[in-house]
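*Asks:* Coordinates only, no sequence provided:
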């Protein structure tokens, strides 16, 4: 990009409003939580972000994200009231931002109040569709003046989808395990049902979603679903070992076969669509179909982190992301160890 | 005298019959509930498992799996018992409060107990307390609410019915505001879903531990309360009558309120806020056995147990998802209450 003349960029946000960036935005505020992380990914730095949602900033404190973006947990958070999405308009005016990312699907008031004072507000939506995340990255690219980079990230994500769709397309239904993905299981049981993004991930990785409902279900319903693999998101504080010890959960085929796994936690929690989702698909496909050739997870992760973030992940970093310690008792997880070569 | 004596006898026979019928119905519904659930266990198998568990008799060829046994004994049995106990506690609380305040519109919410307990439960979630801690916080704040209501109502110089109800409204509003503040400040990802789910009420997380958490306080508070039916009758006639009969009305009223608080907190700490049971059930019970608390309080207890158990059966079996029980009881309870209210207004509360 060096030396290339900056061209004015126009971008249409997810509420249909057109924004023109004659120069890259130098002062960005992200009120919609995931936009913080997506903007950092596209821009490759936290230097332009002058304010962000407190919940998003809190998530930058630990793990490898704190080393990729060391300043990201120190960004001011007084842009909203109480960690919600209600803008603190006076604080925002004082920050003089060039671009604000705000939810456009949680009532018009949240964006209207910013439009009314003339702040450039890019409205974002989340309908669990991959195209939403593409749009976030495209808008981030336009604001940061890194359109080509944004496009290449979108292509990388799509490439992951296509690769695993092709890899698992010919797996017959009888060889697809019934997978139950749970946001939580100990306090309340919240499966990723047909309406969730998890549904798509499970299918892409060659599984069948065991959950036929979203919302909260009973342990009886879980036993009736009879899952062969159980995935716990990082929102759940208990471990696969805890689940496999539980007198009721231990009755599931998944627990009997020790096929219970905690989802990795990279720069973000894995489980949604985003720059880390090709790695998630590689991880899950390997676990669902151990005989499937051609995936070298650790090498792929190292390459992806280098390309996306110019970050050289160590073995210890990858152990942490893959939750090697938490998943050590789970079936087939040893293949992800640094010393093992598939 | 012989005439009234016969009428009285007839009435008490009728009451005994109604109570017996309600008990039999409750037993039957509990058995039926053990046969219902999302995991496929045939009703016959479920009953056989129960029989085998009670008698130790195991047929030579067991027709069930270990998982069937777990589902019936570890999942369904505690939940059925807890739902019935919670319903009974709420029914008894409602009947007692309505007598105590001589007001058919009173429920645990009105005197501040429910909202105090709800706030206590939210504090427990925010602090990540275990079940003992949750019980302590819930009961602590229910009692604090009660003490605050007591102190406020004393400001007017006497503890008249009106001043207690007004103080209850003030204290309830304060705790509702605290709950709202907590929802606003809670970690949107980790704590808020738990708080919201808990405030809607559910028996989905009931285990055999919950049985102790609710069973012991309900026994400790409910049994004495049922023995005080006569006192509640006298209190419902007003302080003058109570004093004339040699009772220390204010002290007695607060003792009864403390017992009610214990019942409500026991329920709240295992299943969250479940409204419209304590308020509605006594009205139906009154239609069956009349306004005498000697009969009304046990009838409300049984009817409350039947009602909440039935509602929870719907909540856990209607859909793959758990329906929030507090929403169900409100959806069913409010129209029932509206009908009862309309018909009673048409005839006048005095005739009840």
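*Replies:* Yes, it's here. On a predicted model such as this, the values are computed, not experimentally measured, just so you know.
*Asks:* In terms of pLDDT, where does the closest residue to residue A:53 other than its chain neighbours sit?
*Replies:* Counting by Cβ to Cβ, 6 or more residues apart in numbering or on different chains, residue A:53 lies nearest to residue A:33, which is 5.0 Å off, once chain neighbours are set aside. C-beta: built from backbone N, CA, C; applies to glycine. Confidence at residue A:33, expressed as pLDDT, is 93.
*Asks:* Repeat that for residue B:129.
*Replies:* In this model, residue B:129 is scored at 82, pLDDT.
*Asks:* What number of residues are in the vicinity of it?
*Replies:* Using other Cβ atoms under 10 Å in any protein chain shown, residue B:129 has 17 other residues around it.
*Asks:* how about the longest helix seen in chain A: buried residues?
*Replies:* Counting by DSSP state H, the longest helix found in chain A is helix A:147-168. Across helix A:147-168, burial judged by 16 or more other Cβ atoms under 10 Å in any protein chain shown covers A:147, A:149-150, A:152-154, A:157, A:160-161, A:163-164, A:167-168.
*Asks:* just stretch A:10-18 next, same as before
*Replies:* By neighbour count on 16+ other Cβ under 10 Å, the buried set for stretch A:10-18 is A:11, A:13, A:14, A:15.
*Asks:* Quickly note the distance from the spatially most central residue of chain A to residue A:282.
*Replies:* When Cα atoms, centre = their mean is applied to chain A, the residue found nearest the centroid is residue A:272 (4.2 Å). Residue A:272 sits 16 Å away from residue A:282, going by Cβ to Cβ, to the nearest Å.
*Asks:* For the residue lying closest to residue A:336 once chain neighbours are set aside, the count of nearby residues, please.
*Replies:* Nearest non-adjacent residue to residue A:336, counting by Cβ to Cβ, 6+ apart: residue A:322, 5.4 Å away. A total of 26 residues lie near residue A:322 under the criterion other Cβ under 10 Å.
*Asks:* who touches residue A:322 in this structure?
*Replies:* By Cβ atoms under 8 Å, 6 or more residues apart in numbering or on different chains, residue A:322 lies in contact with A:264, A:283, A:297, A:336.
*Asks:* what residue ranges in the stretch 1-150 of chain A score low on pLDDT?
*Replies:* A:1-6, A:82-83 (pLDDT under 70).
*Asks:* and the helix or strand hosting residue B:136, is it in reach of chain A?
*Replies:* In the assignment (DSSP states H and E), residue B:136 maps to helix B:131-154. No. Helix B:131-154 does not reach chain A (Cβ under 8 Å from any Cβ of the partner chain); its nearest approach is 11.8 Å.
*Asks:* pLDDT (mean, whole number) over the following helix or strand past that helix?
*Replies:* The C-terminal neighbour of helix B:131-154 among helices and strands, as given by DSSP H and E, is helix B:161-185. When pLDDT is averaged along helix B:161-185, the result is 86.
*Asks:* And the residue nearest to the centre of chain A, how far from chain B?
*Replies:* From residue A:272 across to chain B, the span is 13 Å (Cβ to the nearest Cβ, to the nearest Å).
*Asks:* Enumerate every residue touching that residue.
*Replies:* Residue A:272 neighbours (Cβ under 8 Å, 6+ apart): A:34, A:133, A:197.
*Asks:* Next, give phi and psi for it.
*Replies:* phi -110, psi -180 (degrees, to the nearest 10).
*Asks:* give me the beta-bridge partners of it?
*Replies:* residue A:270 (DSSP bridges).
*Asks:* so how far is residue A:111 from it?
*Replies:* 23 Å.
*Asks:* Around residue 92, how many other residues sit close by?
*Replies:* Answering for chain A, as no chain was given. Using other Cβ under 10 Å, residue A:92 has 24 other residues around it.
*Asks:* that's the other chain; I wanted chain B
*Replies:* Residue B:92: 31 surrounding residues under other Cβ under 10 Å.
*Asks:* ditto for residue A:99
*Replies:* By other Cβ under 10 Å, the residues close to residue A:99 number 25.
*Asks:* ok, back up a step: now the buried residues of stretch A:10-18 as JSON lines including distance to residue B:75 and secondary structure?
*Replies:* Putting these into JSON lines (distance: Cβ to Cβ, whole Å; DSSP: H, G, I helix; E, B strand; the rest coil) gives the following:
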{"residue": "A:11", "distance to residue B:75": "52", "secondary structure": "strand"}
{"residue": "A:13", "distance to residue B:75": "48", "secondary structure": "coil"}
{"residue": "A:14", "distance to residue B:75": "44", "secondary structure": "coil"}
{"residue": "A:15", "distance to residue B:75": "46", "secondary structure": "coil"}
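*Asks:* want to try JSON lines for these, with distance to residue A:116 as columns?
*Replies:* Output for those, formatted as JSON lines (distance: Cβ to Cβ, whole Å):
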{"residue": "A:11", "distance to residue A:116": "21"}
{"residue": "A:13", "distance to residue A:116": "17"}
{"residue": "A:14", "distance to residue A:116": "19"}
{"residue": "A:15", "distance to residue A:116": "15"}
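*Asks:* Return the member of those residues nearest to chain B.
*Replies:* residue A:14 (21.0 Å; Cβ to the nearest Cβ).
*Asks:* Please tell me I have it right and that closest one contacts residue A:134.
*Replies:* No. Look at residue A:14 against residue A:134 with Cβ atoms under 8 Å: they stay out of range, at 10.7 Å.
*Asks:* Following element in sequence after the helix or strand harbouring residue B:46, please.
*Replies:* In the assignment (DSSP H and E), residue B:46 maps to helix B:43-55. As assigned by DSSP H and E, the chain's next helix or strand after helix B:43-55 is helix B:66-70.
*Asks:* which residues sit against that next one?
*Replies:* With Cβ under 8 Å, 6+ apart as the criterion, helix B:66-70 contacts A:223, A:247, A:248, A:251, B:39, B:41, B:45, B:46, B:49, B:53.
*Asks:* Buried residues, that helix. List them.
*Replies:* Neighbour count says helix B:66-70 has B:67, B:68, B:69, B:70 buried, by 16+ other Cβ under 10 Å.
*Asks:* quick one: contacts of stretch B:244-256?
*Replies:* B:96, B:100, B:150, B:159, B:225, B:228, B:231-232, B:234-235, B:239, B:242-243.
*Asks:* give me that answer again for 6 Å
*Replies:* For stretch B:244-256, the external contacting residues (Cβ atoms under 6 Å, 6 or more residues apart in numbering or on different chains) are B:100, B:159, B:231, B:234, B:235, B:239, B:242, B:243.
*Asks:* okay, now the residue nearest to residue A:53: neighbour count?
*Replies:* Residue A:33 has 22 neighbouring residues, counting by other Cβ under 10 Å.
*Asks:* Could you pull up the residues touching it?
*Replies:* Per Cβ under 6 Å, 6+ apart, neighbours of residue A:33: A:53, A:55, A:56.
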